[in-house]
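**Q** Structure for this input, please:
(one chain, ligands or ions: 2)
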Amino acid sequence: NKGNFEHYMQKEIHEQPESLTTTMRGRLLRGGSCKAKTVLLGGLKDHLKTIRRSRRIVFIGCGTSYNAALAARPILEELSGIPVTMEIASDLLDRQGPIYREDTAVFVSQSGETADTLSALDYALENGALCVGITNTVGSAIARKTHCGVHINAGAEIGVASTKAYTSQIVVMAMLALAIGGDTISNQARREAIIDGLFDLPNKVREVLKLDQVMKDLAKQLIAEQSLLVFGRRYNYATALEGALKVKEVALMHSEGILAGEMKHGPLALVDENLPIFVIATHDACFSKQQSVIQQLHARKGRLIVMCSKGEAASVCPEEWESCRVIEVPQLEDCLQPVVNIVPLQLLAYHLTVLRGFNVDQPRNLAKSVTTQ
Ligand code: UD1
Ligand code: F6R
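**A** Ligands and ions are numbered 1, 2, ... in the order given. Okay, here's the model as predicted:
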């Protein structure tokens, strides 16, 4: 049922304040009988000790689910102190990459049925790793075969392009980082700030959804483009990859997510006055580096669209830069910022698709669940 919406993708983008609330329900505790702010993931509580003892955490997934894990990687490294590595399921299988008994392998999959992810799970089980699932589908193959896990509880996702599952996956993995990290005096303030940020997240997403018309106007300007580059770094490297994936899969426009730190190692050669470039530059510890990326792109006459934190437009794009467009989004704790930042890009991909006359919910050649290898 699409309710008042024209497409499932549109409905699923707009219901993210509610899906995120459901994802967190019963899992965040603050005040009341329990003084400290904590996280309770029922499916993991008997396994946390084993996870904390593991030598490495390996995230394994495909497409959007891989991108969600990439967004959560920095906070998991920070709070757990355990090395976190990333594997695209098919690539792990192609390489038969090493997986050890001392590893915790985390399988991220909306459907819980993706063939590559499922084969990688069989492979990790054979190699003796502790296997953890993060899935949206109760009773799915990945939920059943993993030793333990967390359901993201985002509700059924019908649109082929994953939207609300992505944001719920990031939130579950941020909660996973809090649960594995455990309480220490030194990280208490950080933990509390993240938990407060999680409570506030649905409101922030509601606020950023008000950019719908702004993103539609931007889509009108980009309708005839051949290509769109998306630059991000740190927490928002994943936002760049995921934003580009949405644009290419539904709007059928070439788009590439680029790690901003790699700019000078090749992508800079593409910059001219014609190619639109979307730069994510919301405020965090890497902000000044991102400001310098923007300046260098501008110096080469890049056609810039910059996403920044509210109130910071002038520090990313001086008034005299007439061709630069700015999109301001609400700021929140750095590790949760990707949840807010992806929303304007989801809206852009959606509107571009409708304006270009393509099928939003059933993109050409794609299936919701990729059950063959
Ligand atoms: C569970 C109930 C929920 C109830 C809550 C009350 C289910 C599915 N969930 O939620 O309805 O409101 O208790 O305390 O009955 N698992 C995997 N692999 C995965 C995902 C999950 O093995 O990929 C396992 C978990 O380890 C756990 C079980 O499935 O044993 C349920 O997981 P989850 O729904 O996340 O647990 P709770 O949030 O505790
Ligand atoms: C993109 C998309 C795909 C899936 C990928 C993994 O919007 O939907 O990239 O994310 O096929 O699917 P799951 O998460 O079901 O394993």
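**Q** contacts and neighbour counts: CA atoms only from here.
**A** Fine.
**Q** List the residues that contact Gly182.
**A** Neighbouring residues of Gly182 by Cα atoms under 8 Å, 6 or more residues apart in numbering: 79-80.
**Q** For it, give its distance to Thr38.
**A** 9 Å (Cα to Cα, to the nearest Å).
**Q** Can you give the distance from stretch 205-213 to the centre of its chain?
**A** Relative to its chain's centre, stretch 205-213 lies at 17 Å (Cα atoms, centre = their mean, to the nearest Å).
**Q** same deal with stretch 129-149?
**A** 20 Å.
**Q** repeat for stretch 360-372
**A** Averaged C-alpha coordinates place stretch 360-372 at 20 Å from its chain's average position (Cα atoms, centre = their mean).
**Q** tell me the mean pLDDT over it?
**A** Average pLDDT, stretch 360-372: 86.
**Q** contacting residues around it?
**A** 7-9, 111, 113-116, 158-161, 249-251, 350, 353-354.
**Q** Report the buried members of the residues you listed.
**A** Neighbour-count burial (16 or more other Cα atoms under 10 Å) is assigned, among the contacts of stretch 360-372, to 7-9, 111, 113-116, 158-161, 249-251, 350, 353-354.
**Q** would Val326 count as being in a helix?
**A** No. Remark: Val326 does not belong to a helix; assigned using DSSP: H, G, I helix; E, B strand; the rest coil, it is strand.
**Q** for it, what are its contacts?
**A** 305-308, 313, 317 are the contacts of Val326 under Cα under 8 Å, 6+ apart.
**Q** re the thing from before, can you tell me which of the contacts of stretch 360-372 are up against ligand 2?
**A** Applying Cα under 6 Å from any ligand atom to these, one finds that 111, 114, 160-161 fall near ligand 2.
**Q** Can you lay out the residues you listed as a markdown table showing secondary structure and distance to ligand 1?
**A** Listed next are these as a markdown table, based on DSSP: H, G, I helix; E, B strand; the rest coil; distance: Cα to the nearest ligand atom, whole Å:
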| residue | secondary structure | distance to ligand 1 |
| --- | --- | --- |
| Ser111 | coil | 10 |
| Thr114 | coil | 13 |
| Val160 | coil | 21 |
| Ala161 | coil | 21 |
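**Q** quick one: the helices in the stretch 151-300 of the chain?
**A** Listed in chain order, the helices of the stretch 151-300 of the chain (DSSP state H, counting those that start in this stretch) span 164-181, 188-208, 212-222, 237-251, 287-299.
**Q** Quick one: mean pLDDT for the fourth one?
**A** Within the predicted structure, the mean pLDDT of helix 237-251 is 98.
**Q** Pass me the low-pLDDT residue ranges in the stretch 101-250 of the chain, would you?
**A** Of all residues in the stretch 101-250 of the chain, none has pLDDT under 70.
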